[in-house]
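>>> Show me how the following folds:
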Amino acid sequence: MSRRALPQNPSLEFFHGQAREKDIRRGILLTLRRQALFDSLFDHSVSGLRLSGAQYMVARDYGYTGWPHLQEHVVQLTQVGAHRRTM
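Predicted coordinates:
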């Protein structure tokens, strides 16, 4: 899977927004089936993608193994950026 470049100033709000914007009609359903994750990420009772599933897909889009890894990386980058701004 190709890895997308992170934005210049990444924030968790940006990635949360991307996760919320994921739409099954845009191919996520096929991606989930292909990765054998359909049952664990899809909420059959509401016919929609769970937020955790969408977050997982956003993380995978950027080359991370899951949301916690993307979140950890963004937090580290944010801390480094904040430290540089205070110098």
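>>> same for the lengthiest helix in the chain, what does it pack against?
As assigned by DSSP state H, the longest helix anywhere in the chain is helix 67-86. Using 3 or more Cβ pairs under 8 Å, 6 or more residues apart in numbering; DSSP states H and E as the contact test, the elements touching helix 67-86 are helix 12-21, helix 51-61. (Glycine included, C-beta is placed from N, CA and C.)
>>> Single out the most deeply packed of the ones you listed.
For the helices and strands packed on helix 67-86, average neighbour numbers computed from mean count of other Cβ atoms under 10 Å are highest in helix 51-61, which has a mean of 20.
>>> Using CSV, list the CA coordinates for that helix.
Output of helix 51-61 as CSV, limited to C-alpha atoms (Å, rounded to 0.1, in the frame of the first residue of the first chain):
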residue,chain,number,x,y,z
LEU,A,51,-15.4,5.6,13.6
SER,A,52,-12.7,3.2,14.7
GLY,A,53,-12.9,1.6,11.3
ALA,A,54,-12.6,4.9,9.5
GLN,A,55,-9.7,5.9,11.8
TYR,A,56,-8.0,2.6,10.9
MET,A,57,-8.4,3.3,7.2
VAL,A,58,-7.1,6.9,7.5
ALA,A,59,-4.0,5.5,9.4
ARG,A,60,-3.5,2.9,6.7
ASP,A,61,-3.8,5.6,4.0
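>>> and the angle for that helix with helix 12-21?
110 degrees (axes from the mean of the first three to the mean of the last three Cα atoms, to 10 degrees).
>>> quick check: angle from helix 51-61 to helix 67-86?
Using the same axes, to 10 degrees: helix 51-61 against helix 67-86 is 70 degrees.
>>> Can you mark which positions in the longest helix of the chain are buried?
67, 70, 71, 74 (16 or more other Cβ atoms under 10 Å).
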